[in-house]
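**Student:** Sequence and predicted model, in that order:
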Amino acid sequence: MSIASIDRTPITAGLSKSSHPTPPSTNAAPRLRAVPHGTEARGFVLYVGLDETKATDSGTDLSALVEKLKAVIAEYAPAAQTHAAVALAPIGAGGRDVDVVRLALQDPAALAKHRQVEEPAPKRASGVIIDISRKRVILDGEPAALTFKEFELLQYLVLREGRTIDRSEIIGSLWSAAAGPGGDDDIPNERTIDVHVRRLRSKLGDYEDIVRTVRGVGYRFDRHADVAIHQASTPSPDFF
C-alpha cells in the first residue's frame, strides 16, 4: 500500500454548529491506563477512515465532518487546540480506509505492520552442514544436539564415504581404542551399535537417511545434494 502524500493543512469549510449532547460531569476522570507513570497525556489522535465517495453517499463531506468534530471539542474543552490533516492515497490503493489513514499519518503500529508485509522474514537456511573442523552438525540453520560419541560415529562414516562399515569395525575403532587398558568406557556389542545409530538418526530428523543401513553388513554415509561437509585445512586425524 503506497501513500502518495499527506496534506496537513487544517480544513476550514465554513459550516454552522449543530446541537450537541449535554457536556459530561466535571468530576475528575480516572487516569488513562495507557499512560505510563511519570508521563502525562497531552492530547489524542482520532483516525477516521472514510473516503470522499462514502462521505458523499452518507450526505456529507470530509470538511463538514472535521468542522463538526472541532466544534464539539471547542464546546467541551474551549482551551483545546486542534489540527486536522487529510491522508492522501492513490486512487484504487485498496485496503481498509482507516489503515490507509494510519499509514499515511505515520502511526508507528501501522508502519511496523506495513514493514512486516513489505519485508518478509529471510528464508531459513536449509540442508545439512557436517562441520568436521568444529565438531558440529547444522540442520536447517540450527545446531543438532549430538553427543560427542554420536558425532564421532557420524564423522567415522563421513570420512569413509562410499564404503559400508561393519559393526565390528565401528566398535574396534571408536570404542575399543578409546577404552584402552583398564579404560572405563563400556565397549558395546554389535547390537548396541544399532541403538547408537538409531539415536544418531533420530537427531538428524528429516535427514536421517544420510546414514544408511546396509542389511546384513553395516552402515554407510550417503551424501545428498543438500549436504555440505566442512573440513579443516589439514586432514582429520581420524582418517587413517
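**Tutor:** Sure, I can see it.
**Student:** C-alpha from now on. contacts and neighbour counts both.
**Tutor:** Fine.
**Student:** right, and the helix or strand after the helix or strand hosting residue 191?
**Tutor:** Residue 191 is part of helix 190-204, with elements assigned from DSSP states H and E. Next along the chain after helix 190-204, taking DSSP H and E as the criterion, comes strand 211-214.
**Student:** Would you mind extracting the C-alpha trace of that following strand into CSV?
**Tutor:** This file holds the C-alpha atoms of strand 211-214, laid out as CSV (Å, rounded to 0.1, in the frame of the first residue of the first chain):
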residue,chain,number,x,y,z
VAL,A,211,23.2,-42.7,7.5
ARG,A,212,22.0,-45.8,5.5
THR,A,213,21.7,-49.3,6.9
VAL,A,214,23.1,-51.9,4.6
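**Student:** re the thing from before, average pLDDT across the helix holding residue 191?
**Tutor:** This predicted structure assigns helix 190-204 an average pLDDT of 88.
**Student:** Name the residues of it that come out as buried.
**Tutor:** Buried residues in helix 190-204, counted by 16 or more other C-alpha atoms under 10 Å: 193-194, 197, 200-201, 203-204.
**Student:** Check which helices and strands it sits against.
**Tutor:** With contacts defined as 3 or more C-alpha pairs under 8 Å, 6 or more residues apart in numbering; DSSP states H and E, helix 190-204 has these neighbours: helix 148-158, helix 167-171.
**Student:** how far does that helix sit from the chain's center?
**Tutor:** 34 Å (C-alpha atoms, centre = their mean, to the nearest Å).
**Student:** Now do that helix against helix 148-158: the angle between them, please.
**Tutor:** In terms of direction (axes from the mean of the first three to the mean of the last three C-alpha atoms, to 10 degrees), helix 190-204 departs from helix 148-158 by 90 degrees.
**Student:** What lies in contact with helix 190-204?
**Tutor:** When contacts are defined by C-alpha atoms under 8 Å, 6 or more residues apart in numbering, helix 190-204 is touched by residues 139, 144-146, 150, 154, 167-168, 171, 207-209, 211.
**Student:** please redo it, this time with the cut-off set to 6 Å
**Tutor:** In this structure, residues lying in contact with helix 190-204 by C-alpha atoms under 6 Å, 6 or more residues apart in numbering are 150, 167, 208.
**Student:** got the domain boundaries for the protein?
**Tutor:** 5-27+40-118, 128-230 (automatic domain parsing).
**Student:** ok, of the ones you listed, where does mean pLDDT dip lowest?
**Tutor:** Among the domains of the chain, domain 5-27+40-118 scores lowest, at a mean of 73.
**Student:** Buried ones only from the contacts of helix 190-204, please, as a PyMOL command.
**Tutor:** In PyMOL, a selection of the buried entries from these looks like this (16+ other C-alpha under 10 Å):
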select buried, resi 150+167
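**Student:** okay if I get the contacts of helix 190-204 as a markdown table plus distance to residue 57?
**Tutor:** Formatted as a markdown table, the contacts of helix 190-204 follow (distance: C-alpha to C-alpha, whole Å):
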| residue | distance to residue 57 |
| --- | --- |
| 150 | 72 |
| 167 | 82 |
| 208 | 64 |
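**Student:** Looking at the contacts of helix 190-204, which is nearest residue 159?
**Tutor:** residue 150 (14.3 Å; C-alpha to C-alpha).
**Student:** For the closest one, list the residues it contacts.
**Tutor:** Residue 150 touches residue 200, counting by C-alpha under 6 Å, 6+ apart.
**Student:** So which of the domains of the chain is the most surrounded?
**Tutor:** Stretch with highest mean neighbour count among those: domain 128-230 (a mean of 15; mean count of other C-alpha atoms under 10 Å).
**Student:** For residue 131, what are phi and psi?
**Tutor:** Residue 131 has phi and psi values of phi -100, psi 100 when expressed as degrees, to the nearest 10.
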